[in-house]
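Mind folding the following:
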Amino acid sequence: MIDPTAFDTLSLAELEETAGELHRRIGVSLRRAGEAKADDRDDEGQSPRRRVAAYAALIEFAAATFASVAAGATPPAERYDRYPTSVVAVMYATPTIPALLSRLEQDRRLLASYARTLEARLDETHSTAWGEVTLRRVLLDIDLAEAAQCAIALERYAADLDAASV
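Predicted structure coming up:
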């Protein structure tokens with residue numbers, strides 16, 4: 001297991017670049033699955049489309065948290081991104097793979113914009129839905145850990161599809 005604090009020294013630019021690469025990998029794998037297979041469940045019981053929609057909902061929730069801090073308001077205390085209706089709403093709003101990937105990119109950019117706005121404050125601790133944590137920790141969890149888990153699961157799914165078609 002990788003120690004998450006090993007990434008605490010990444011600059012915001014390095015973090016954004018890494019997140020962009022992970023999102024590229026997500027996009028490649030989701031496109032490999034294609035519209036016909038994007039709703040089939042993987043060995044963990046999740047479809048690729050739902051997995052990406054859940055990740056998009058998470059990024060949107062993180063952006064709302066950062067927006068609250070930037071505005072001097074209390075960040076949301078509940079993880080509404082985890083509710084099935086939040087994920088289904090993202091799926092409904094993005095009915096095709098290109099639309100979903102476009103939304104994911106827009107959400108990544110939105111979160112990055114808030115992070116840049118708060119760059120000098122990323123190491124401040126705030127009461128969030130993730131507990132008392134720094135904004136940097138939230139950003140690292142979303143942009144690295146969660147993105148990597150999503151990318152790996154999608155790559156595994158795409159590889160399984162490739163193996164099955166041989």
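
Let me see the contact set for the residue most central in space within the chain.
Central residue of the chain (C-alpha atoms, centre = their mean): Tyr55, 4.0 Å from the mean position. Applying C-beta atoms under 8 Å, 6 or more residues apart in numbering, we find Tyr55 in contact with Ile26, Leu104, Glu146, Ala147, Cys150. Just so you know, the C-beta spots here come from the backbone N, C-alpha and C atoms, and that holds for glycine as well.

Quick one: the strands in the protein, in order.
Along the chain, counting by DSSP state E, strands occupy 125-128, 131-134.

Could you tell me the model confidence score at Glu35?
With respect to pLDDT, Glu35 scores 94.

got a list of what it touches?
Taking C-beta under 8 Å, 6+ apart, one finds Thr96, Ile97 in contact with Glu35.

what's the longest helix in this structure?
Longest helix in the chain, counting residues (DSSP state H): helix 12-37.

Just give the closest residue to Ala153, not the sequence neighbours.
Arg51 (6.0 Å; C-beta to C-beta, 6 or more residues apart in numbering).

what about that neighbour, how many residues close to it?
23 (other C-beta atoms under 10 Å).

from memory it sits against Cys150, does it?
Yes - under the criterion of C-beta atoms under 8 Å, Arg51 makes contact with Cys150 at 5.9 Å.

Give me the nearest residue to Ala99, chain neighbours excluded.
Ala99 sits nearest to Ala93 (C-beta to C-beta, 6+ apart), 7.8 Å away.

show me what contacts the residue nearest to Ala153?
So Arg51 contacts Asp42, Cys150, Ala153, Leu154 (C-beta under 8 Å, 6+ apart).

Would you check which pair of these lies furthest apart?
Spatial extent of the contacts of Arg51 (C-beta to C-beta) is set by the pair Asp42 and Cys150 at 11.7 Å.

Tell me where the model's unsure across the chain.
Applying pLDDT under 70 to the chain flags the ranges 1-4, 166.
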